[in-house]
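Undergrad: only the shape, not the letters, is given here:
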């Protein structure tokens, strides 16, 4: 079973709730309607030692960067809705290789990025594990009611835009040092340019496929236009490596010229294709299905139990 | 370093924030002021396989009960503030012993208890680990502004009351099947009876010591009055085993008779001592210091690295 399939089966069993739930589970964040013109965004994401960073040994990730990553991943989810992050809670379950010094540095990494994004750490929990280190972070953010951008709003005819460059995130260290696109996301949402938006964490193809499915449209991707991280980055890497933490956006063709003209950021932002009516999925301009590629966090391969 | 000491050092480094933070970190929940007469309560707690339940083998915990536990622990934190739980997010990092069937049953256990407490599951994340299973749950709740009961409000002269019975939680299975005291906590907070309140997760002595420290008072505990779970439960077990998930409450002596008379629940509720001026800590009626007992989630013993 894939992560997407498991989540779908789980969400199907969740009672239809609830008063005040403006955006239900299944998007980058859920949204709660405060009833005063504000929505609160909320999401949770986690890092696992030796999966999302190197826990120990000569190639060990500096603990500050491991801590930074768990917050940055969550900031990217707020960015994907167009919101402004406000506060977080951190639940850490630490394995025996985590010394007191490691822990202090890990939390220092969270707090340094939190200070820069003006995010308050308002709670947490500590536990020990027999072996692995797992840290989850819950992020809250704010946005004007109705302004949050969901992944399901792309329409046939919309252009497909993306921030940044893609591929080789692990090899380059990008996955530890990336800048969450909060300012860019808030700008796109605030000006109403984005019909649909999400962040790319599991690879451009897989996350674009998710946007297509949520929106009920297909995507023709101009694979030659996908910007690659380095000269050595392969097309396959750019499409499927994952951990890019860039934003992909559906924009109406009428609005795109003004958006491109007014874009105030140094961050690269480019048109990489267009949405069309048809079976949800990603195709190249020659009509070849590109598949999903990407990284399924939940797959153990075809013989796996989960 | 103990969990309390590490958290204190961490909290000291968190920037003094933030607009709308009505109750800062360090209590059972933080509270955010919505500005419309409501506060939102928020907390996170986790379960670790083979620490908080048995992951596999002949004595394995039924996955429904492991899932139930992670939500119930969090409901107890909402109860401790006097709030009403509303929604939750679940971040699960699952080890290789978790089959698809195990996962379905684990989440079914969460959802069944969530339905009974009218808690919506509004988000989550899934990951895999090399070995351990760690699941964190973030809970949100609601309470009228200013009505949340903190742990630091006990005054010299207050009576010390507790719900339920204590000890042998692991041996009896109580830690998997306990009823979070949400109704009791909301009643105590709503009627204004509780000067201070918290839940007992790490043992009566340790959590009462925390209440004493937060309040700047000492507690004289009537050890003979502490109700024990079974006839075989030792006094030491009742004082220190932990995982009781009962509420301890500081009540003014003037209000206590009306509170006891009007108590509408079948849950046992008894006076177990009284607060006095003095060094924070717990003493018996003969003036002997009882120590802290309890379970420090974060201690690895005196030689430990964390």
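TA: That came through fine. Just so you know, these numbers come straight off a predicted model, no measurement behind them. Numbers count the residues shown, from 1 in each chain, chains lettered A, B, ... in the order given.
Undergrad: and the helices in chain A?
TA: A:3-13, A:63-81, A:100-116, A:169-172, A:174-177, A:182-190, A:204-215, A:235-240, A:256-262 (DSSP state H).
Undergrad: tell me the most buried of those helices?
TA: helix A:63-81 (a mean of 27; mean count of other C-beta atoms under 10 Å in any protein chain shown). C-beta: built from backbone N, CA, C; applies to glycine.
Undergrad: now the angle from that helix to helix A:182-190?
TA: 10 degrees (axes from the mean of the first three to the mean of the last three C-alpha atoms, to 10 degrees).
Undergrad: helix A:63-81 packs against which elements?
TA: In terms of contacts (3 or more C-beta pairs under 8 Å, 6 or more residues apart in numbering or on different chains; DSSP states H and E), helix A:63-81 is packed against strand A:38-48, strand A:84-94, helix A:100-116, strand A:134-144, helix A:174-177, helix A:182-190, strand A:194-200.
Undergrad: any chance of the ones you listed in a markdown table, plus distance to chain B and mean pLDDT?
TA: Converted to a markdown table, the helices and strands packed on helix A:63-81 look like this (distance: least, C-beta to the nearest C-beta, whole Å; pLDDT from 0 to 100):
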| stretch | distance to chain B | mean pLDDT |
| --- | --- | --- |
| strand A:38-48 | 5 | 97 |
| strand A:84-94 | 4 | 97 |
| helix A:100-116 | 5 | 96 |
| strand A:134-144 | 4 | 97 |
| helix A:174-177 | 15 | 98 |
| helix A:182-190 | 17 | 98 |
| strand A:194-200 | 13 | 98 |
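Undergrad: distance to residue B:134 added to these, as CSV?
TA: Formatted as CSV, these follow (distance: least, C-beta to C-beta, whole Å):
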stretch, distance to residue B:134
strand A:38-48, 8
strand A:84-94, 4
helix A:100-116, 15
strand A:134-144, 4
helix A:174-177, 21
helix A:182-190, 28
strand A:194-200, 24
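Undergrad: of the ones you listed, which approaches residue B:107 most closely?
TA: strand A:38-48 (14.8 Å; C-beta to C-beta).
Undergrad: ok, back up a step: now the helices of chain A in a markdown table, with distance to residue B:204?
TA: Converted to a markdown table, these look like this (distance: least, C-beta to C-beta, whole Å):
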| stretch | distance to residue B:204 |
| --- | --- |
| helix A:3-13 | 37 |
| helix A:63-81 | 34 |
| helix A:100-116 | 28 |
| helix A:169-172 | 48 |
| helix A:174-177 | 44 |
| helix A:182-190 | 45 |
| helix A:204-215 | 49 |
| helix A:235-240 | 54 |
| helix A:256-262 | 61 |
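Undergrad: spatially nearest residue to the residue most central in space within chain A, not counting backbone neighbours?
TA: Most central in chain A under C-alpha atoms, centre = their mean is residue A:199, positioned 3.6 Å from the mean C-alpha point. In space, and not counting its chain neighbours, residue A:199 is closest to residue A:80: 4.1 Å by C-beta to C-beta, 6 or more residues apart in numbering or on different chains.
Undergrad: any idea how far residue B:6 is from residue A:101?
TA: Going from residue A:101 to residue B:6 by C-beta to C-beta, to the nearest Å gives 12 Å.
Undergrad: hmm, I typed the wrong one, I wanted residue A:92.
TA: 10 Å.
Undergrad: so residue A:71 is in contact with residue A:113, correct?
TA: Yes: between residue A:71 and residue A:113 there is a contact at 5.0 Å, judged by C-beta atoms under 8 Å.
Undergrad: so what sits against both of these two?
TA: residue A:119 (C-beta atoms under 8 Å, 6 or more residues apart in numbering or on different chains).
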